[in-house]
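Novice: Here is a sequence together with a model predicted from it:
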Amino acid sequence: MLLCVSRDPSLLLREIADCVGITERAAHRIVCELESEGYLTRRREGRRNVYEVHFELPLRHDAEQGATAGDLIGALVGDRQTALAGRRG
């Protein structure tokens, strides 16, 4: 989900759900969880939400100790610059 939102921060929740392959209701729940954990910030622009991914935040799982959200997204897209952006904060 972070990957979809990082590619297009102005996606509609329905579009995020389609991107990930889940229901809109499940996408809403996950977006709320990511927001409460600090990985996403949601702001309104007109009638739409615009999301900001916080690449610098560390991943929670012990297996990813020391890795950031930017590292994960960078690894998924093969983009070293995205991973480094997470390191710079």
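Specialist: Ah, there it is.
Novice: Could you point out the longest helix of this protein?
Specialist: In the chain, taking DSSP state H as the definition, the longest helix is helix 24-37.
Novice: Okay, strands next: where are they in this protein?
Specialist: 40-45, 48-53 (DSSP state E).
Novice: In CSV: these, plus mean neighbour count, distance to residue 16 and mean pLDDT.
Specialist: For every residue, glycine as well, the C-beta is placed using N, CA and C. Formatted as CSV, the strands of the chain follow (neighbours: other Cβ atoms under 10 Å; distance: least, Cβ to Cβ, whole Å; pLDDT from 0 to 100):
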stretch, mean neighbour count, distance to residue 16, mean pLDDT
strand 40-45, 13, 11, 93
strand 48-53, 17, 9, 92
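Novice: Mind checking these for the one nearest to residue 19?
Specialist: strand 48-53 (12.3 Å; Cβ to Cβ).
Novice: Is it possible to get JSON lines of the strands of the chain that adds distance to residue 5?
Specialist: Shown next, in JSON lines, are the strands of the chain (distance: least, Cβ to Cβ, whole Å):
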{"stretch": "strand 40-45", "distance to residue 5": "7"}
{"stretch": "strand 48-53", "distance to residue 5": "5"}
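Novice: what's the pLDDT at the residue of the chain positioned farthest from its centre?
Specialist: Distance from the C-alpha centroid of the chain, by Cα atoms, centre = their mean, peaks at residue 46 (21.3 Å). Looking at residue 46, its pLDDT is 92.
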